[in-house]
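S.K.: Any chance you can model this:
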Amino acid sequence: VLVRLFATSPYLAAHLVGHPELLDSLVRSDRGPAARNEESLTTALLEELDGASNEEEVLAALRRFRVAETIRIGLDDLGGEIVAEEVFAALTLLADVCVRAAAEQARRIVEASRPGATDRVDLAVVALGKMGAGEMGYASDLDLLFVYESRMEGFDGDAHSNATRWAQKMIGLLQAQTRD
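M.R.: This next block holds a predicted model:
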């Protein structure tokens, strides 16, 4: 399994080299296909985020989870256990679950620094491109559109400012460089 991974996918191999702690769980002989539904992925990510008490730990948990799941999907792909359409669907679902978690963690972080900041704001994150089409690849980027609505009539400068902070924090959680 590892020889195939390193011989055919420098992208996945680099991720595995950066996270050697994943090795045992990924190459077990009793490991089945990675197919997971939204509920099981969300539950697993929430468990990973459960101990995160600060932004750095949130970043690390999100990154660790995404990398582990991407490698899991890649191993099933390289092993011929799933077809291309299932790979696209699995990677899109993974991205969706991570984006949802990042949105919630960003909301929590903004609220911690500005209590009540997100109370009057509804924020929608719209996936465009490969994610919106359900065709994410291993190196696909996220094309996201943020739309907010204030619960007040007319222009609400505070809601605009708070929605912007929320969206910026979410982007930061998804793209920030971490130690690993």
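S.K.: Show me what the lengthiest helix in the chain is packed against.
M.R.: In the chain, with assignment by DSSP state H, the single longest helix is helix 84-113. If contacts are counted by 3 or more Cβ pairs under 8 Å, 6 or more residues apart in numbering; DSSP states H and E, helix 84-113 sits against helix 38-49, helix 55-78, strand 121-128, helix 129-133, helix 157-175. Any C-beta I mention is one placed from the backbone N, CA and C, and that applies to glycine too.
S.K.: And the ones you listed: which comes nearest Arg4?
M.R.: Comparison of these against Arg4 by Cβ to Cβ identifies helix 55-78 as nearest, at 5.3 Å.
S.K.: What's the mean pLDDT across that closest one?
M.R.: Helix 55-78 carries an average pLDDT of 88.
S.K.: can you give me how far that helix is from the chain middle?
M.R.: 8 Å (Cα atoms, centre = their mean, to the nearest Å).
S.K.: and the angle from that helix to helix 38-49?
M.R.: 140 degrees (axes from the mean of the first three to the mean of the last three Cα atoms, to 10 degrees).
S.K.: Of all the residues in helix 55-78, which ones are buried?
M.R.: By 16 or more other Cβ atoms under 10 Å, the buried positions in helix 55-78 come out as 55, 58-78.
S.K.: what does stretch 155-171 give?
M.R.: 156, 159, 162-163, 165-167, 169-170.
S.K.: Nearest to Glu47 among those residues?
M.R.: Once Cβ to Cβ is applied, the member of these that ends up nearest Glu47 is Met170, at 20.7 Å.
S.K.: Check what pLDDT the closest one gets.
M.R.: Model confidence at Met170 (pLDDT) stands at 94.
S.K.: shouldn't it be in contact with Ala102?
M.R.: Yes - when contacts are counted by Cβ atoms under 8 Å, Met170 is listed as touching Ala102 (5.1 Å).
S.K.: quick one: contacts for Arg100?
M.R.: By Cβ atoms under 8 Å, 6 or more residues apart in numbering, Arg100 lies in contact with Thr42.
S.K.: I'd like to know how far it sits from Ala163.
M.R.: 17 Å (Cβ to Cβ, to the nearest Å).
S.K.: Can I get the buried residues of stretch 155-171 in CSV including distance to Tyr138?
M.R.: Below are the buried residues of stretch 155-171 laid out as CSV (distance: Cβ to Cβ, whole Å):
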residue, distance to Tyr138
Asp156, 41
Ala159, 37
Asn162, 35
Ala163, 31
Arg165, 31
Trp166, 29
Ala167, 26
Lys169, 26
Met170, 22
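S.K.: Which of those residues lies at the shortest distance from Ala127?
M.R.: Nearest to Ala127 among the buried residues of stretch 155-171, with distances taken as Cβ to Cβ, is Met170, at 13.0 Å.
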